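**Q** give me coordinates for this.
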Amino acid sequence: MKPHFTFTVTLLLAHGVSMLQAADKVDFEQQIKPVLEFNCVRCHGPEKPKGALRLDTRAGALKGGDSGTALVPGKPDQSPLYTSTTLPTDDDKHMPPKGDPLKKEETELLRRWIEQGAQWPEGMPPLIARKLEAAPAADETEVVANIHKLIMSRLEVTSESQMKSYTNDIPGSPVNYAMVPIRSGEFLMGSPDRESGRKPDESPQHRVKISAFWMGQCEVTWNEFELFMYPDEERKFKETMKTDPYVDKV
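**A** Residues are numbered from 1 along each chain as shown. All right, here's what the predicted structure looks like:
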């Protein structure tokens with residue numbers, strides 16, 4: 001029984017170690033790709049790469065540039081892609097040369113990834129330089145907050161009866177606009193099956209409910225109104241323009 005028990009424990013330990021190794025494996029697409037795209041590819045991409053070094057592809061990293069290869073799979077201490085990120089920030093060879101240095105966890109990810117063989121999925125398109133979005137300045141945040149308060153103050157309508165037509169000006173411009181309230185209600189939509197002129201794509205009749213809402217008011221000419229209400233008139237008008245020689249002369 002003892003040999004059998006020892007063999008079982010050995011299998012369990014081996015299985016546990018393999019599970020830990022799998023969990024500890026660095027994922028290129030999720031963990032390494034963002035580091036390279038945000039910090040490396042902008043200077044070492046396809047267009048005029050600094051030092052003739054491209055880091056947007058695995059082949060480029062292995063080939064290296066003017067200073068030799070940047071990536072030696074399995075040997076992070078011989079891979080400038082990693083070692084340059086650990087140098088003091090005042091060192092001329094420190095990477096990235098501008099902006100904030102990589103975080104400790106990012107350099108550690110690079111080290112472990114290279115140590116594990118620097119796996120780079122086959123068929124992956126070249127990496128694309130990405131830029132972190134700057135956080136809004138304090139004054140911008142305040143402006144947005146004030147606008148939000150203004151909007152919310154105008155939404156403080158407790159009942160539909162409080163919704164009244166109004167006009168307003170667009171700040172900094174001579175343009176003004178008018179808004180009218182559309183009342184809530186229940187409506188019968190669609191056309192009866194036997195209605196004359198009913199089109200095949202008209203939905204069957206059904207009742208719909210709508211809540212009150214605002215709609216912008218604008219003036220239109222009678223001709224514009226006719227084209228909206230009777231779309232076939234626009235087609236007829238265009239045909240007239242094409243065939244009437246007197247209209248063409250005008």
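
**Q** pull the distance from the helix or strand where Leu227 lies to the chain's centre.
**A** Using DSSP states H and E, Leu227 sits within helix 222-229. Relative to its parent chain, helix 222-229 has a centroid offset of 40 Å by Cα atoms, centre = their mean, to the nearest Å.

**Q** could you tell me the average pLDDT over stretch 122-134, please?
**A** Stretch 122-134 comes out with an average pLDDT of 80.

**Q** ok, how many other residues are close to the residue lying closest to Pro34 once chain neighbours are set aside?
**A** Closest residue to Pro34 apart from its sequence neighbours, by Cβ to Cβ, 6 or more residues apart in numbering: Arg130 at 7.6 Å. Every residue, glycine included, has its C-beta placed from N, CA and C. Arg130: 14 surrounding residues under other Cβ atoms under 10 Å.

**Q** for the longest strand anywhere in the chain, list every residue counted as buried.
**A** Ranked by residue count, the top strand of the chain under DSSP state E comes out as strand 176-182. For strand 176-182, burial by neighbour count (16 or more other Cβ atoms under 10 Å) applies to Pro181.

**Q** what's that strand in contact with?
**A** Here strand 176-182 makes contact (Cβ atoms under 8 Å, 6 or more residues apart in numbering) with 160, 163-170, 210, 212-218.

**Q** ends of stretch 52-63, how far apart?
**A** 10 Å (Cα to Cα, to the nearest Å).

**Q** show residues contacting that stretch.
**A** Taking Cβ under 8 Å, 6+ apart as the rule, stretch 52-63 contacts 36, 40-41, 44-46, 49, 64-67, 69-71, 73, 81, 118, 120, 126-128.

**Q** what does stretch 208-217 give?
**A** Outside stretch 208-217, the residues that reach it (Cβ under 8 Å, 6+ apart) are 160, 163, 165, 177-187, 189.

**Q** now with 7 Å?
**A** Residues from elsewhere that reach stretch 208-217, judged by Cβ atoms under 7 Å, 6 or more residues apart in numbering: 160, 163, 177-187, 189.

**Q** among the contacts of strand 176-182, name the buried ones.
**A** Among these, those classed as buried by 16+ other Cβ under 10 Å are Met163.

**Q** which members of the contacts of strand 176-182 are positioned in strands?
**A** Of the positions in the contacts of strand 176-182, Tyr166, Thr167, Asn168, Asp169, Ile210, Phe213, Trp214, Met215, Gly216, Gln217 sit in strands, assigned by DSSP E.

**Q** return the closest of the residues you listed with respect to Glu195.
**A** Ile210 (22.7 Å; Cβ to Cβ).

**Q** what distance do you get for the closest one to Ser191?
**A** For Ile210, the distance to Ser191 (Cβ to Cβ, to the nearest Å) stands at 19 Å.

**Q** what bridges to Ile188?
**A** In this structure residue 188 is Leu, not Ile. As for beta bridges, Leu188 partners with Arg207 under DSSP bridges.

**Q** how many neighbours does it have?
**A** Leu188 has 10 neighbouring residues, counting by other Cβ under 10 Å.

**Q** if I look at it, how far off is Asp201?
**A** Leu188 sits at a distance of 18 Å from Asp201 (criterion: Cβ to Cβ).

**Q** likewise for Arg194?
**A** Taking Cβ to Cβ, one finds Arg194 at 17 Å from Asp201.

**Q** ok, Tyr82 next?
**A** With the distance defined as Cβ to Cβ, Tyr82 ends up 63 Å from Asp201.

**Q** how about Thr69?
**A** According to Cβ to Cβ, Thr69 stands 64 Å off from Asp201.
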